[in-house]
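>>> What follows is a predicted protein model with its sequence.
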Amino acid sequence: MQIYLPIAETSVNAFTLLGVGGGVGLLSGMFGVGGGFLITPLLFFIGVPPTVAVATGVNQVVASSISGVLAHLKRKTVDLRMGTVLLIGGLVGSIIGIWFFNLMQRLGQIDLIVQLSYVIFLGIIGALMLQESLRALLRSRNPNAPRRKLHIHTWIHNLPFKMKFRASGLYISVFPPLLVGMGVGVLAAIMGVGGGFILVPAMIYLLGMPTKVVIGTSLFQVTFVAAFTTMMHAITNQSVDVMLAIFLIIGGVVGAQLGTRIGLKLRAEQLRILLALLVLAVCGKIAFDLLWTPSEFYTITVPGRF
């Protein structure tokens, strides 16, 4: 069943969209990730223009993050003060990212910029995840092996304008979380991701936050930054396709329920290795599409005909 996506200006099979949303939802439930860094490249692969894929893919991140942050609020595993500082940085970063996105779009380079961003970041993150996962797997087989400290006191803790973050048990400068939030906001605007795959490691290894409040605080920031980003895309370049978003969200909700059940049957180390391999595979596919010479160097279309 083909449906026409008015903003993307293309026809896509409805079951394909449900499958993409369901597949990403399945992975989200299995691995505990928002899925924004996977859903946008998958939309590239089925013919959705990168500008529409970036702006619309963020909608599913918002939908999946809301339920998660509400659950963490009930458990009191959200550092609201830290989340607010990260959010302020994220909103500023999102504005900068939207400005850069629109500039590249006017120059006709946005498709290349988005795809290159995915190749670079997915390649780096996937390699680091695979390395850390393999180390964790080896440690699980050798309990006596020395464990690396998650956080070490560094020069970051000597910066001025310190603030107490009671839920995290920290007393640090506001500048590091502001900069971390800003970086995530820029990525959300340019790549259509929530940024949790970067925010969570930064909160643990850079800010030194305890693991118990990291996920909930990350979801708090991601929810609002992603919502703001998709709203800005809709206002500034009208690239949010509501029809596309609806099908992705429906598939994602169903897939997440199945993924949660599957994830409970696998070991944590195995899950992380599988996710790392998946991220590297998506990175490789985008890089291949960028480097491979197309069969047609240009196409001619008649205005008004689709």
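Happy to help now that I have it.

>>> Give me the distance between M163 and V85.
7 Å (CB to CB, to the nearest Å). Heads up, the C-betas are built off the backbone N, CA and C, glycines and all.

>>> Neighbour count: those two, which is higher?
A side-by-side neighbour count of M163 and V85, using other CB atoms under 10 Å, places V85 first with 21 against 13.

>>> Can you read off the pLDDT for the more buried one?
pLDDT, V85: 90.

>>> next helix or strand past the helix ranked longest in the chain?
Determined from DSSP state H, the single longest helix within the chain is helix 110-141. The element immediately downstream of helix 110-141 (helix or strand, assigned by DSSP states H and E) is strand 162-165.

>>> Buried ones in that next one, by neighbour count?
F165 (16 or more other CB atoms under 10 Å).

>>> I'd like to know which elements it is packed against.
Packing partners of strand 162-165 (3 or more CB pairs under 8 Å, 6 or more residues apart in numbering; DSSP states H and E): helix 80-106, strand 170-173.

>>> I286: which of those is closest?
Checking the helices and strands packed on strand 162-165 against I286 by CB to CB gives helix 80-106 as the closest, at 17.0 Å.

>>> so that closest one versus helix 110-141, what angle?
Orientation of helix 80-106 against helix 110-141 (axes from the mean of the first three to the mean of the last three CA atoms, to 10 degrees) gives an angle of 140 degrees.

>>> joint contacts of M163 and V85?
Jointly contacting M163 and V85 under the rule CB atoms under 8 Å, 6 or more residues apart in numbering are V174.

>>> related to what we said a few turns ago, among the helices and strands packed on strand 162-165, where is the model least confident on average?
Among the helices and strands packed on strand 162-165, strand 170-173 scores lowest, with a mean of 82.

>>> which other helices and strands contact that strand?
Counting contacts by 3+ CB pairs under 8 Å, 6+ apart, strand 170-173 packs against strand 162-165.

>>> picking up where we left off before, which positions in the longest helix of the chain come out as buried?
Using 16+ other CB under 10 Å as the burial criterion, the residues of helix 110-141 that qualify are 110-111, 113-115, 117-119, 121-123, 125-126, 129-130, 132-133, 137.

>>> picking that back up, export the helices and strands packed on strand 162-165 to TSV and tack on distance to V253?
As requested, these are arranged in TSV below (distance: least, CB to CB, whole Å):
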stretch	distance to V253
helix 80-106	25
strand 170-173	35
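
>>> Of all these, which one comes closest to P50?
Here helix 80-106 is closest among the helices and strands packed on strand 162-165 (CB to CB), at 9.8 Å.

>>> elements contacting the closest one?
helix 110-141, strand 162-165, helix 175-191, helix 211-237.

>>> avg pLDDT for the last one?
Looking back up the chat, that one is helix 211-237. On average, helix 211-237 scores 81.

>>> For that helix, could you pull out the residues that count as buried?
For helix 211-237, by 16+ other CB under 10 Å, it's 213-234, 237.

>>> G19 touches G251, doesn't it?
Yes - at 6.6 Å, G19 and G251 qualify as touching, with contact defined as CB atoms under 8 Å.

>>> out of those two, which sits in the busier spot?
More crowded of G19 and G251, by other CB under 10 Å: G251, with 25 against 16.

>>> ok, then the element right after the helix or strand containing the more buried one?
According to DSSP H and E, G251 maps onto helix 242-263. Of the helices and strands lying after helix 242-263 in sequence (DSSP H and E), the nearest is helix 268-291.

>>> Please tell me how far S168 sits from G252.
Using CB to CB, S168 is found at 30 Å from G252.

>>> which non-adjacent residue is nearest A127?
Using CB to CB, 6 or more residues apart in numbering and skipping residues adjacent in sequence, the residue nearest A127 is L280, 7.1 Å away.

>>> So that neighbour sits against G123, correct?
Yes - using CB under 8 Å, L280 is in contact with G123, at 7.2 Å.

>>> quick one on the thing from earlier: so S168 and G252 - more neighbours on which side?
More crowded of S168 and G252, by other CB under 10 Å: G252, with 29 against 21.

>>> which one is that one nearest to, not counting chain neighbours?
The shortest distance from G252 to any non-neighbouring residue, by CB to CB, 6+ apart, is to G25 (3.6 Å).

>>> how near is the one you found to V62?
For G25, the distance to V62 equals 14 Å [CB to CB].
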